[in-house]
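Curious how this folds, go ahead:
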Amino acid sequence: MRIGSVQLENPFILAPLAGYTDLPFRLLCRQHGAGCCFSEMISCHGLTYEQEKTLDMLTTCAEERPVAIQLFGAEPAVMGRAAAMVSRYPIDLIDINMGCPVKKVIKKGAGSALMKAPGLASEIIRQVVANSDKPVTVKFRSGWTHDRINAPDFAQMAEEAGASAVTVHARTWSDGFGGTVDWQVITAVKQAVGIPVIGNGDIASYADGVTMMAVTGCDGVMIGRGALGAPWIFAPEPPHVTMALRANTLIRHLQLIEKFLPAERLLGHIKSTACRYFKGAHGGAATRNQIFAAHSFEALVDLSQELARG
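Numbers count the residues shown, from 1 in each chain. From the prediction side, this is the model:
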C-alpha cells in the first residue's frame, strides 16, 4: 500500500487511540507486523504553545517508521503552524482527526464536529498540506447521524483539498463507539475517490481485515481497540494465544515502556494496560487482581516473568 510518497510494507495499520498509541505500543505493534502506526491525537494548540507534555508525544525512533502523527484542532492557521512543526520531526505522515466523538473535542469544533462544517474542514486540510512536506491523511466517520451520512462527499472534499489518503470509521458521531459498523459506507467512499481508502471499525482479527478489504474494496485496514492487549492481531498467521504468549508480550511491552517512558510515574495507567493482556484468559480475573496489587513497576515486571514461567 502506498500513501503519497510513503510505501507501507502491508495495509494493516494501528489506529490512533488516545492514551494508548504511545511510542512503546507503536513499536510493539510494528514488531508484530503492523505496516504503519498512528500516534494518539495531538493538540495543535499544545504544539504551537510548545507545551512540554505535548511535545513529548512526538517522540519517535527509527525502528517504528513509517509512523504517522495525528493532529486535531479547528483553526486552519493553527493547524498549519502545528503541521510545520511536526514536519521537522523524523515522521512520515500527518493525519488530521475529523472523527473523534468525545464531547471535549466536539465542543471546540474539532473531531467529528468538522463533518458538519466541510468548508472549514477543507481549509484545515489545505493549510496542513501547504505547511508540510509529508503526505497528509484525514480520518473521519460515516457522518454526524444516520440521517446525515456524508462520508463520500467528505472524502471527495478531502481529496480536492490535497489529502493523500482517507480513513473511514464506519460509524456516525451519534454511534460513539457503539452501534453497528456499516461497511457499505466504506464501499461508497472507495467508489467516490481516487486516493487510497482505509477502512476502520470493529476489526477483531487479521481475517476480519482481509474480509473488509475484499467486501468493500478499501485499500487498507486500521485496527484500534482490537489491538489493545493483543498486538499479535497484525500477524498474518495468528498465533495460538497461550498464557505464555500473553505474559511474554506484556514483558516486551514493559521493556519498551521502561526504555521510553517514566514508568514509575505512570504505574496506574501501565497496570490498566497490562490487564488487557489477560482479557478472556483462563484465570484472567485473578491475574488482573495480582497486577493491580503490584506496588511498583519492578514488581509488575517480576509478576509478568512469573506468569511467563507458568
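
Leaving out the residues flanking it, which one is nearest to Phe260?
Nearest non-adjacent residue to Phe260, counting by C-beta to C-beta, 6 or more residues apart in numbering: Leu23, 5.0 Å away. For the C-beta atoms, the positions are set from N, CA and C on the backbone; glycine is no exception.

which residues in the protein form strands?
For the chain, the strands defined by DSSP state E occupy 2-3, 6-7, 12-14, 36-38, 42-43, 67-72, 93-98, 136-143, 165-172, 197-200, 220-223.

can those go into a markdown table with extra columns for mean neighbour count, distance to Leu120 and mean pLDDT?
Output for the strands of the chain, formatted as a markdown table (neighbours: other C-beta atoms under 10 Å; distance: least, C-beta to C-beta, whole Å; pLDDT from 0 to 100):
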| stretch | mean neighbour count | distance to Leu120 | mean pLDDT |
| --- | --- | --- | --- |
| strand 2-3 | 19 | 24 | 98 |
| strand 6-7 | 16 | 27 | 98 |
| strand 12-14 | 28 | 26 | 98 |
| strand 36-38 | 26 | 23 | 98 |
| strand 42-43 | 22 | 17 | 98 |
| strand 67-72 | 26 | 13 | 98 |
| strand 93-98 | 26 | 10 | 98 |
| strand 136-143 | 27 | 13 | 98 |
| strand 165-172 | 27 | 17 | 97 |
| strand 197-200 | 26 | 22 | 98 |
| strand 220-223 | 26 | 24 | 98 |
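
Would you format those strands as JSON lines with distance to Glu258 included?
Converted to JSON lines, the strands of the chain look like this (distance: least, C-beta to C-beta, whole Å):
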{"stretch": "strand 2-3", "distance to Glu258": "32"}
{"stretch": "strand 6-7", "distance to Glu258": "30"}
{"stretch": "strand 12-14", "distance to Glu258": "21"}
{"stretch": "strand 36-38", "distance to Glu258": "19"}
{"stretch": "strand 42-43", "distance to Glu258": "23"}
{"stretch": "strand 67-72", "distance to Glu258": "21"}
{"stretch": "strand 93-98", "distance to Glu258": "28"}
{"stretch": "strand 136-143", "distance to Glu258": "31"}
{"stretch": "strand 165-172", "distance to Glu258": "32"}
{"stretch": "strand 197-200", "distance to Glu258": "31"}
{"stretch": "strand 220-223", "distance to Glu258": "25"}
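
Compute the number of surrounding residues for Val181.
The tally of other residues near Val181 (other C-beta atoms under 10 Å) stands at 18.

Pretty sure it sits against Met212.
No - judged on C-beta atoms under 8 Å, Val181 makes no contact with Met212 at a distance of 9.1 Å.

Please parse this structure into its domains.
2-234, 243-309 (automatic domain parsing).

gap between the two ends of the shortest one?
The first and final residues of domain 243-309 sit 9 Å from each other (C-alpha to C-alpha, to the nearest Å).

Report the mean per-residue pLDDT for it.
Average pLDDT, domain 243-309: 97.

picking up where we left off before, state the distance from the residue nearest to Phe260 to Cys36.
14 Å (C-beta to C-beta, to the nearest Å).

which phi and psi does Pro238 have?
Torsion angles at Pro238 (phi, psi; degrees, to the nearest 10) stand at phi -60, psi 130.

Good, wrapping up.
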